[in-house]
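1. okay, predicted coordinates and the sequence, questions at the end:
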Number of protein chains: 2
Amino acid sequence: MVSAALSAGAAEANDGPIGFYAPSWAEHMRWERLFLSAPTPQSARKTLRALTEEPHVAGTEAGRRVAEQIRAAMAEAGFEAELFEIPVLLNYPKHVGAWLTQPEAEELSLREAGHVADKDSMSQEVFPGFHGYGAEGVAEGQVVYANYGTHDDFLKLKELGISLQGKVVLARYGGNFRGLKVKEAQEAGAAGILIYSDPADDGYTQGDVYPDGPFRPESALQRGSVQFISVATGDPSTPGWASSESSERVEWSQAIAARIPSLPLSYGDAQRILSRLSGDNVPDGWQGGLPLAYHLGPGPVEVRIEVEMDYAVRPIWNVIGRLEGAVEPDQWILLGNHHDAWTYGAVDPNSGTTSLLEMVRGLAEARRAGWRPRRSLVVASWDAEEYGLVGSTEWGEALAAELDEKLVAYVNLDSSVSGPDLGVDGVGSLRDFVAWCAADVPEPRRGGSLLKTWSGRLQVEWAESSPICLDHPQESFELRLDPLGSGSDYTVFLDHLGVPSVSFGFGGRYGVYHSIYDDFYWMERFGDPEFLYHTAAAQLYGLMALRAASADILPLRFAPYAAQILKFIDELEREALRSRRQAAAAEKAPERAPLEVDWTPVRAAQQRLSRAAQALDQRLVELQQAPEPLAADRLQALNRALGRIERAFLLPQGLPGRPWFRHAVYAPGFTTGYAPWPLPGLTQALKEKDAQLWEQQAAALIERFDAAVSALEQARASTD
Amino acid sequence: MVSAALSAGAAEANDGPIGFYAPSWAEHMRWERLFLSAPTPQSARKTLRALTEEPHVAGTEAGRRVAEQIRAAMAEAGFEAELFEIPVLLNYPKHVGAWLTQPEAEELSLREAGHVADKDSMSQEVFPGFHGYGAEGVAEGQVVYANYGTHDDFLKLKELGISLQGKVVLARYGGNFRGLKVKEAQEAGAAGILIYSDPADDGYTQGDVYPDGPFRPESALQRGSVQFISVATGDPSTPGWASSESSERVEWSQAIAARIPSLPLSYGDAQRILSRLSGDNVPDGWQGGLPLAYHLGPGPVEVRIEVEMDYAVRPIWNVIGRLEGAVEPDQWILLGNHHDAWTYGAVDPNSGTTSLLEMVRGLAEARRAGWRPRRSLVVASWDAEEYGLVGSTEWGEALAAELDEKLVAYVNLDSSVSGPDLGVDGVGSLRDFVAWCAADVPEPRRGGSLLKTWSGRLQVEWAESSPICLDHPQESFELRLDPLGSGSDYTVFLDHLGVPSVSFGFGGRYGVYHSIYDDFYWMERFGDPEFLYHTAAAQLYGLMALRAASADILPLRFAPYAAQILKFIDELEREALRSRRQAAAAEKAPERAPLEVDWTPVRAAQQRLSRAAQALDQRLVELQQAPEPLAADRLQALNRALGRIERAFLLPQGLPGRPWFRHAVYAPGFTTGYAPWPLPGLTQALKEKDAQLWEQQAAALIERFDAAVSALEQARASTD
């Protein structure tokens, strides 16, 4: 087993290079050393300062300037670089306002208070509080508090007999993607919704607030998209197809989108509402961090929301840079990060853009010294991610056939740095590869490697929270990539096109997300004062790029994938059992009983997958260690086969209710948006307590597992 | 198995009477019906009003008046009732004060704000904020915030390099017994300690605050004892022996007690300190509910505490009422509740006293109609419980030999009602008995029986939180009595004398504990407006009294006890494994590695216990169902044997570091005070990572298990 060291809980991968024959590795190490010394904190600092000079929302002139700046940097580094313009529907706020109307009339603020020492925070250039793809209209009515506005929260309100008809919902950020709060509210009959940042979630309850600390101050607003992200991503007027000058467009009034007006709110203003709300005290888990007992309403406090938008089809600019592969030019490694920002976006996304540009600069160093990638490297800087992954989705849809043919891996970056803690989400077949790369990048503060700190942190979490069965006391920690949900640009590549994907970033104490305070001042004081993690992110990103582009054999390992799937099954079965126990304990039997299902066929298929994966992994190790390399044509055939294995997980019909999402193993939660539902078909059937859906989805999943078995076996057979 | 119905998760006991032969049961039911109709909400309301007319701290004239009132009620009901006076050391506040001294000078309040509609809350008769058995002295210094002031919290401060030498600790209530906060602080070198009620724990974070709701308002103070309860209970000047006029007394300066001044504080005042505290943000789990980011300090804020006490040996008055047993007068069933209160004590303890007097009134009804208990009933109303279980402990120590001979069960009540949720703590041998009694008392609001609601609530908790092992998915809910810790009057009987004990009460939304607001007004508005639960508590208490006193065979069952012990072992082993996992994951190896111990011998002993318990239970069922009852002398021999089985769990040497605590299965946590450490010797060895202590304690525990096996077998043999 190639992952034995990791499986045993070791912090360092020690199995050596993955996918390199010894002679190419010996040569390759030179390029890596060259590359690793290129990114510097000084340069990263300068780049971030330049990128955050002004707010640059997608489709604006400032957005274009940033795109051009990135294109120029890529070109200077020797990439073929161009702007890829796409016309898409975007909205800007024309008139937004919110007021308390009862018991007093007071205006609520959609602007943030500036801090004199931070000039950016004093600017009026930033848009006031509004929502991307938000609905226009006026809503006025009594307020009902809906906690996080999740599916379960709205079910709870219904159970408590609180009607939302004509009411204005007050919900807090967190728990699910904001667009799904709007979706739930409008389906419940609400007239409008205010979404505020509760101090318990990213304000003073978490630590000191800006400007004394990194957390959200009382006037801060979280802007953002209210797209229905788990159902449809990209331009809502071209659902499932590419936007272009000539493309068909759905009428906005017919699009799957928010239909009730919504606005973000600060907790300073939310307190003015919550302190006047009556009705019962909230259920367990609904209380936030404001200094008062939260009530559900409705009323007596009433509010009025006014939203006028400037909706238009506007150009956005993806930046695409290319380095042609020397041996397998039609195998692409794609690296991407978005560049549009709601405000200055020092964290989101410019820390990522900075790391991406530092990486590009490093690759240029290697290239100038003679390095040529085996495969083609494509570096993308996406636009309009903030509106709903628009740039990446429309590009992915436009190039779908070519990408299906050529794209073998996607490495995503979004906010690369908001603190020191590395987090990596991705498919199981990239686990060993990522761990190997992270083992060779130094942790800039704590010493050792990134892998050591990352794996150590995960092990602490595992030690604290994983269930303990006394019958298996010896169960040990295993490094895993967290599953990908949605909310960033990997979505089209993984969920729609079936490309092995990974996304990483350094997280931390970050409370100013999508506010005016997400600026250079914040980053210099709180996020990464020495820019060490911007540099580390560039190094990790670049090692992944160099190795994935140069390895003789595509550096995938499938046994960890099968093992991860087994964990998903275990977790789901545990959750199903918990639901049944809860239903049995409930005073009132639920309307529909939780399913009691037979896991045997799914588990048997996972075992077939696991066997085939182990067999292929073993063969890959043998090949790499063989005295003679594979002949060039057979090596290319093997790489083509390896690059397509992930496609086997694509469901021909897509997922129930959202056919664009086709991956059978990973998807954003239907009701969560950001958070993943691994094995989404089974998860949905269990949540909806739909036995027929379970049967269908289990059959479809098993079919995909068996298709993957065939693909694994085919790859292996190609080397016989 | 007699508990099959319960084991299967059924909400109702359906095994019929425990310990009654059919003819006596037929007669007994009459008394029960008579009894159950006696307690009424109207009468309970009147009694509570009378008991809460004035504050009645132990040792005061008001305390004596309440004792006399209770004695008179018992006498009127036909009990031989007397005041049992004991001279004990008590303190009252002579001069207490607290001030902010830096950066501003401000006085902190040790008085609570009155609410005009509640005359009791306006009174100045209540003592200001002070601590029972608190130290005298002056402390002045910079403040350090210590979260709950638990053992782990102080370890964390040490690990963070924060010295407490000469500092004043600010700790919040909760997590452990308040005296242990003082103990930890003084051992860490602090000069003094302020203990405040954080709104996250019983203030607005939990719901509306007084006078709008039942939770703690901003000026409320939690008075209470700072005795080192887990080490020594009762009068600290007579540790381990009875207080009397002639008894030897330890000099107060030599007693095991608080040595640094301490005072309670409101969260209104705590906010004035915390908002001025600097230093780092607090670790995870330390943030409370005030609207600011909590800091550790030290300083720059400084405070001054002044405490002068009036310490003296003062009389306290237990009230003891008796009904002589008709057949086995030397087998005593003891029922107890304290009567002293820090303020008015509508909840604590007068709800309990009210239920106790309602029960007494009900027993009188049965008695007037001809009922005579088989065993003797002793009803106790303890004094000075609030200072540290003083009345019960000194009485238990004074009568130790007689109680060891005669006392077969103790049923404790403290605060009988602060809401509608029944909770029962007790030894495993009383589980089936309690369930059977609870099955025959109606739930006054929701219908069905108390058992149904109580068991249902526990099942919901179990369904949500119990671990799930996929290998044992069929594991099912089993009703259990929570283990007894300390903090109420059962302590001397269970932990010191080895008497089967149980303690119950109806809990709920209760935030005014030990404050001036714990008064009749609060109870009428929030706690039990219709006095339905006061009545239900009296009914449950009385059914336990009637049945325990009248059953032909003592109504104990031991298989559930053995099963509960097995759960304790499982939980402890799981915790030990978790500690090892955490140590393995920690960045820095801990100074001492968690123990890796062999559980086999303890588990084998538990199995022997379980087999003997099942055999005895089976015999008890057979006896009860036999066509002929046992001969009178053999029945009495059996009862004597049954009544002594619990004594087998007493450790001859007591527990490590606290020999007065002798029970091998139950004890208050050494570092928690209130919360239990089941299997305390093993728990302590694991927590202290002391392998030698583990060996000793495991051997001692196994010896006690085997002693219990002998006692079980002897009881069984007595019926051969």
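-> All right, it came through fine. Residues are numbered from 1 along each chain as shown, chains lettered A, B, ... in the order given.
2. so what strands line up beside the helix or strand harbouring residue A:332?
-> Using DSSP states H and E, residue A:332 maps to strand A:328-338. Strand pairing for strand A:328-338, determined by DSSP bridges: strand A:375-382 (parallel), strand A:407-417 (parallel).
3. beyond the longest one, next helix or strand please.
-> So that's strand A:407-417. With elements assigned by DSSP H and E, the helix or strand that comes after strand A:407-417 is strand A:421-426.
4. how about the first one?
-> Secondary structure here is assigned by DSSP H and E; on that basis, the next helix or strand after strand A:375-382 toward the C-terminus is helix A:385-388.
5. what packs against the helix or strand following the strand holding residue A:332?
-> Sequence-wise, the next helix or strand downstream of strand A:328-338 (DSSP H and E) is helix A:352-368. For helix A:352-368, the packing partners by 3 or more CB pairs under 8 Å, 6 or more residues apart in numbering or on different chains; DSSP states H and E come out as helix A:22-36, helix A:41-51, helix A:61-76, strand A:302-323, strand A:328-338, strand A:375-382, strand A:407-417, helix A:532-550. In short, each C-beta sits where N, CA and C put it, glycine included.
6. what inclination does helix A:352-368 have with respect to strand A:328-338?
-> Angle between the axes of helix A:352-368 and strand A:328-338 is 150 degrees (criterion: axes from the mean of the first three to the mean of the last three CA atoms, to 10 degrees).
7. mind exporting the C-alpha coordinates of helix A:352-368 to CSV?
-> Extracted in CSV, the C-alpha atoms of helix A:352-368 (Å, rounded to 0.1, in the frame of the first residue of the first chain):
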residue,chain,number,x,y,z
GLY,A,352,-5.1,33.9,-3.9
THR,A,353,-4.3,36.0,-6.9
THR,A,354,-1.1,37.1,-5.2
SER,A,355,-0.1,33.5,-4.6
LEU,A,356,-1.0,32.6,-8.1
LEU,A,357,1.1,35.4,-9.6
GLU,A,358,4.0,34.5,-7.3
MET,A,359,3.7,30.9,-8.6
VAL,A,360,3.6,32.1,-12.2
ARG,A,361,6.8,34.2,-11.5
GLY,A,362,8.4,31.1,-10.0
LEU,A,363,7.5,28.9,-12.9
ALA,A,364,9.0,31.5,-15.2
GLU,A,365,12.3,31.2,-13.3
ALA,A,366,12.3,27.5,-14.0
ARG,A,367,11.3,28.0,-17.5
ARG,A,368,14.1,30.5,-18.2
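8. list the buried residues in it.
-> Buried residues in helix A:352-368, counted by 16 or more other CB atoms under 10 Å in any protein chain shown: A:352-367.
9. next one: it to chain centre, how far?
-> Between the centre of helix A:352-368 and the centre of its chain there are 23 Å (CA atoms, centre = their mean, to the nearest Å).
10. and that helix, average pLDDT?
-> Averaged across helix A:352-368, pLDDT comes to 97.
11. over to stretch A:316-327?
-> 98.
12. returning to what we had before: dump the helices and strands packed on helix A:352-368 into a markdown table; add mean neighbour count as well.
-> A markdown table is the format used below for the helices and strands packed on helix A:352-368 (neighbours: other CB atoms under 10 Å in any protein chain shown):
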| stretch | mean neighbour count |
| --- | --- |
| helix A:22-36 | 16 |
| helix A:41-51 | 20 |
| helix A:61-76 | 19 |
| strand A:302-323 | 21 |
| strand A:328-338 | 24 |
| strand A:375-382 | 26 |
| strand A:407-417 | 27 |
| helix A:532-550 | 27 |
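13. let's have those in TSV, adding distance to residue B:208.
-> TSV is the format used below for those (distance: least, CB to CB, whole Å):
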stretch	distance to residue B:208
helix A:22-36	59
helix A:41-51	47
helix A:61-76	48
strand A:302-323	21
strand A:328-338	45
strand A:375-382	48
strand A:407-417	40
helix A:532-550	45
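14. nearest to residue B:316, out of those?
-> strand A:302-323 (58.1 Å; CB to CB).
15. using PDB, write down the CA coordinates of the closest one.
-> Output of strand A:302-323 as PDB, limited to C-alpha atoms (Å, rounded to 0.1, in the frame of the first residue of the first chain):
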ATOM      1  CA  GLU A 302     -41.700  46.100  11.400                       C
ATOM      2  CA  VAL A 303     -39.200  46.900   8.800                       C
ATOM      3  CA  ARG A 304     -39.200  48.100   5.200                       C
ATOM      4  CA  ILE A 305     -36.800  47.100   2.500                       C
ATOM      5  CA  GLU A 306     -36.400  48.800  -0.800                       C
ATOM      6  CA  VAL A 307     -34.200  47.400  -3.600                       C
ATOM      7  CA  GLU A 308     -33.700  48.700  -7.100                       C
ATOM      8  CA  MET A 309     -31.100  47.100  -9.200                       C
ATOM      9  CA  ASP A 310     -29.300  47.900 -12.400                       C
ATOM     10  CA  TYR A 311     -29.500  44.500 -14.200                       C
ATOM     11  CA  ALA A 312     -27.700  44.300 -17.500                       C
ATOM     12  CA  VAL A 313     -25.600  41.900 -19.700                       C
ATOM     13  CA  ARG A 314     -22.000  43.000 -19.100                       C
ATOM     14  CA  PRO A 315     -18.600  41.800 -20.100                       C
ATOM     15  CA  ILE A 316     -16.400  39.900 -17.700                       C
ATOM     16  CA  TRP A 317     -12.800  38.900 -18.300                       C
ATOM     17  CA  ASN A 318     -11.300  35.600 -17.400                       C
ATOM     18  CA  VAL A 319      -7.500  35.700 -17.800                       C
ATOM     19  CA  ILE A 320      -6.100  32.500 -19.400                       C
ATOM     20  CA  GLY A 321      -2.400  31.800 -19.500                       C
ATOM     21  CA  ARG A 322      -0.800  28.800 -21.200                       C
ATOM     22  CA  LEU A 323       2.500  26.900 -21.200                       C
END
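16. pairing partners for it, with directions?
-> Strand A:302-323 has the following sheet partners, assigned by DSSP bridges: strand A:80-102 (antiparallel), strand A:137-145 (antiparallel), strand A:375-382 (antiparallel).
17. centre of the chain to the first one, how far?
-> What that stands for is strand A:80-102. That offset, for strand A:80-102, works out to 21 Å (CA atoms, centre = their mean).
18. now that strand: average pLDDT?
-> What strand A:80-102 shows for mean pLDDT is 98.
19. residue contacts, the residue nearest to residue A:551 when sequence neighbours are not counted?
-> Sequence neighbours aside, residue A:19 is the residue nearest to residue A:551 in space, at 3.2 Å (criterion: CB to CB, 6 or more residues apart in numbering or on different chains). Residues near residue A:19 by CB atoms under 8 Å, 6 or more residues apart in numbering or on different chains: A:547, A:551-555, A:620, A:624.
20. among the residues you listed, name the ones in helices.
-> A:547, A:620, A:624 (DSSP state H).
21. for residue A:518, give its distance to chain B.
-> Here residue A:518 is placed at a distance of 19 Å from chain B (CB to the nearest CB, to the nearest Å).
22. cool, residue A:343 as well?
-> Per CB to the nearest CB, residue A:343 is found 23 Å from chain B.
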